[in-house]
Each structure stands twice: as structure tokens, then as C-alpha cells.
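Colleague: my questions concern the predicted model and sequence given below.
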Amino acid sequence: MTVAQAVAKRIRALLAEKNMTLYRLAENAHIKHGSMACIMNGRNKTVTLSTVMMIARGFDMTLLEFLDDDVFTCEELEVE
């Protein structure tokens, strides 16, 4: 799994947990909905740290809270 795929997986889990739509997250994070859709469907092969920070803020959490998930510590995570 790539980092971008891990970010998308974490977003999906948080959306379900917080009963939030992707559209609402994009608005909260100040990211264009199309850009967010590209992250989620895998068209973006990389995700920058600043984008991850914006996404975390969109969930009203810190970057560390966003990254505090097993998906980011699994052995198969491909770091490019």
C-alpha cells in the first residue's frame, strides 16, 4: 500500500466514524472537491504533508491524531 492509499483509507474510516460526507470534509479542509476526489480514487499518486495537514484540520483534529492509525505503521507501507 502506498502512502496516498493509506491516507485515503484513513479518510474513509474517519468519514464513517464522524458520519461526514467527502464534500463536507473538502469544504472544512479548504480543498477543492475534485482534488479530494482524486485523492480518494487513487488518481493522485502522492499526497503532500501540507495536504494531509489540511485534511486533519478538516476533521478538526491534529496532524498527529490523523496519523495515529495502524494504516501508517504497517510493514507493507511503501515509502517513496
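Modeller: Arrived safely.
Colleague: in this structure, which helix is the longest?
Modeller: Looking across the chain with DSSP state H, the single longest helix is helix 3-17.
Colleague: tell me the contacts of residue 7?
Modeller: By C-beta atoms under 8 Å, 6 or more residues apart in numbering, the contact set of residue 7 is 39, 47, 52, 55. C-betas here are computed from N, CA, C, even on glycine.
Colleague: quick check: pLDDT value at it.
Modeller: At residue 7, the model reports a pLDDT of 95.
Colleague: again with the one 4 residues further on
Modeller: Residue 11 is assigned 97 on the pLDDT scale.
Colleague: and the gap between it and residue 70?
Modeller: To residue 70, residue 11 is 15 Å away according to C-beta to C-beta, to the nearest Å.
Colleague: can you check residue 76 too?
Modeller: 11 Å.
Colleague: counting by contacts, list what the helix or strand of the chain at the bottom of the mean pLDDT ranking packs against.
Modeller: Counting by mean pLDDT, DSSP states H and E, the weakest-scoring helix or strand in the chain turns out to be helix 33-41, with a mean of 93. Helices and strands touching helix 33-41, by 3 or more C-beta pairs under 8 Å, 6 or more residues apart in numbering; DSSP states H and E, are helix 3-17, helix 22-29.
Colleague: distance to residue 61 added to those, as CSV?
Modeller: Formatted as CSV, the helices and strands packed on helix 33-41 follow (distance: least, C-beta to C-beta, whole Å):
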stretch, distance to residue 61
helix 3-17, 8
helix 22-29, 11
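Colleague: nearest to residue 64, out of those helices?
Modeller: Between residue 64 and the helices and strands packed on helix 33-41, the tightest spacing by C-beta to C-beta is seen for helix 3-17, at 12.8 Å.
Colleague: quick one: buried residues of that closest one?
Modeller: Within helix 3-17, the residues that qualify as buried by neighbour count (16 or more other C-beta atoms under 10 Å) are 3-8, 10-11, 14-15.
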